[in-house]
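A.B. asks: Provide a 3D model corresponding to the input given below.
(one chain, ligands or ions: 1)
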Amino acid sequence: MNSKIISIGSYIPSNTVTNKDLEKTVDTTDEWIVSRTGIKQRPIADSSQATSDLAFEAAMTAIERAKIEKNDIDLIIVGTCTPDVATPNVGTLIQKRLGLSNFPAFSIEAACSGFIYALNIADKFIKTGESKCALVVGAETLSRITNWDDRNTCILFADGAGAAILKPTDDKGIIFSELGANGEYADLLHVPYGTSRKPEKSSKDDYFLRMSGNEVFKVAVKTLEEIAIDALKKSNIQSKDVDWFIPHQANVRIIQAVAKRLELPEEKVILSMDIHGNTSAASIPLAFDRAVQDGRIKKGDTILMQSFGAGFTWGSVLLEL
Ligand code: COA
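C.D. replies: Have a look, this model is predicted:
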């Protein structure tokens with residue numbers, strides 16, 4: 001038994017912060033941001049919206065498009081590093097809003113790899129027969145842990161959510177999925193303090209993301225090249241047979257380097273950081289949905305997804321839609 005994505009949905013807040021807006025608050029330029037990252041604008045949640053609100057909207061769209069009853073869902077997994085509160089988890093918050101109960105609902109904290117981690121776990125639940133219909137979500141409000149005075153990070157991060165419905169299938173569906181992590185790199189991209197670890201004396205930016213961008217960049221390119229080649233090799237699929245490459249949307253230059261190594265033409269690479277920014281766990285399903293809605297991705301296509309994020313964590317999923 002394999003698992004298959006039968007629908008995808010997404011949600012982005014209506015409020016948009018452009019590069020020009022950021023020129024007014026930090027020492028940067030639209031030209032620098034576009035050329036160094038590929039980002040032109042980023043959706044930012046309003047103060048009344050928490051991660052589960054964004055996740056719920058994306059989930060509702062995925063449910064409607066899947067043409068299933070809400071009651072069919074028997075598993076919810078949410079990838080997020082910006083949960084509404086320490087507890088209850090975002091999975092149960094969505095479960096409640098959907099009016100559902102009595103099945104597993106939980107969150108995975110794997111930063112930008114959250115959606116790929118969640119997909120990998122849901123695939124295993126379906127393969128073992130424990131789930132017949134899973135809701136998998138990647139959702140973030142990164143704006144809440146971003147220092148808006150720090151030009152190294154505030155130009156990158158954004159808010160949004162994407163969701164997928166998975167069901168068992170006799171078709172190929174998810175052909176290959178593998179996860180990885182290396183905690184050695186924890187300090188290169190991290191939030192120093194939070195729920196449990198507290199500073200002796202608190203300052204404003206203790207609870208914001210800090211990134212050594214250049215060092216993250218180098219490890220990201222190397223790791224993503226390796227895992228993409230590995231995914232194709234282990235699935236016995238050649239890169240020419242991949243219809244679409246949907247990577248985590250952190251930096252267009254990272255994606256171009258990996259695509260070049262895989263000899264994938266740029267028409268096969270799905271980019272959405274131009275309008276979505278880096279939405280961490282939401283970035284892959286947001287890009288995925290954008291390309292389904294504009295008619296590029298179709299049923300039967302072979303798709304390679306891959307993520308890389310804080311931890312470091314990484315993962316890949318190869319599937320036939
Ligand atoms: N606007 C203008 N100039 C900026 C700037 C900004 N927002 N941020 C940094 N700079 C300057 C730096 O001060 C530096 O100036 P200097 O040469 O005079 O010292 C110069 O631009 C280059 O800085 P650098 O940090 O080397 O830029 P970069 O090319 O590495 O790009 C990132 C920075 C963050 C865009 C890039 O490193 C990146 O995308 N990293 C990986 C992110 C990632 O993959 N994360 C993983 C998952 S979230």
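
A.B. asks: can you count the residues close to the closest residue to the ligand within the stretch 101-250 of the chain?
C.D. replies: Here the stretch 101-250 of the chain gets closest to the ligand at one residue, residue 213, 2.9 Å apart by Cβ to the nearest ligand atom. No exception for glycine: its C-beta is placed from N, CA and C like everyone else's. Around residue 213 there are 16 other residues, counting by other Cβ atoms under 10 Å.

A.B. asks: got the contact list for the nearest residue to residue 272 once chain neighbours are set aside?
C.D. replies: Among residues not flanking residue 272 along the chain, residue 287 sits closest, at 3.9 Å (Cβ to Cβ, 6 or more residues apart in numbering). Residue 287 is in contact with 246, 249, 270, 271, 272, 276, counting by Cβ atoms under 8 Å, 6 or more residues apart in numbering.

A.B. asks: okay, these in CSV with secondary structure and neighbour count next?
C.D. replies: Listed next are these as CSV, based on DSSP: H, G, I helix; E, B strand; the rest coil; neighbours: other Cβ atoms under 10 Å:
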residue, secondary structure, neighbour count
246, strand, 26
249, coil, 30
270, coil, 21
271, coil, 19
272, coil, 22
276, helix, 25
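
A.B. asks: could I get the residues you listed as a markdown table with distance to the ligand?
C.D. replies: Converted to a markdown table, the contacts of residue 287 look like this (distance: Cβ to the nearest ligand atom, whole Å):
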| residue | distance to the ligand |
| --- | --- |
| 246 | 15 |
| 249 | 9 |
| 270 | 17 |
| 271 | 14 |
| 272 | 15 |
| 276 | 13 |
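
A.B. asks: and the two most separated of these?
C.D. replies: The distance between the two most remote of the contacts of residue 287 (Cβ to Cβ) is 12.5 Å, for 246 and 276.

A.B. asks: what's stretch 225-236 in contact with?
C.D. replies: 175-176, 178, 180, 238-239, 242, 257-258, 261-262, 304, 306, 314-316, 318.

A.B. asks: apply the buried test to those and list what passes.
C.D. replies: Among those, those scoring as buried are 175-176, 178, 180, 239, 242, 257-258, 262, 304, 306, 314-316, 318 (criterion: 16 or more other Cβ atoms under 10 Å).
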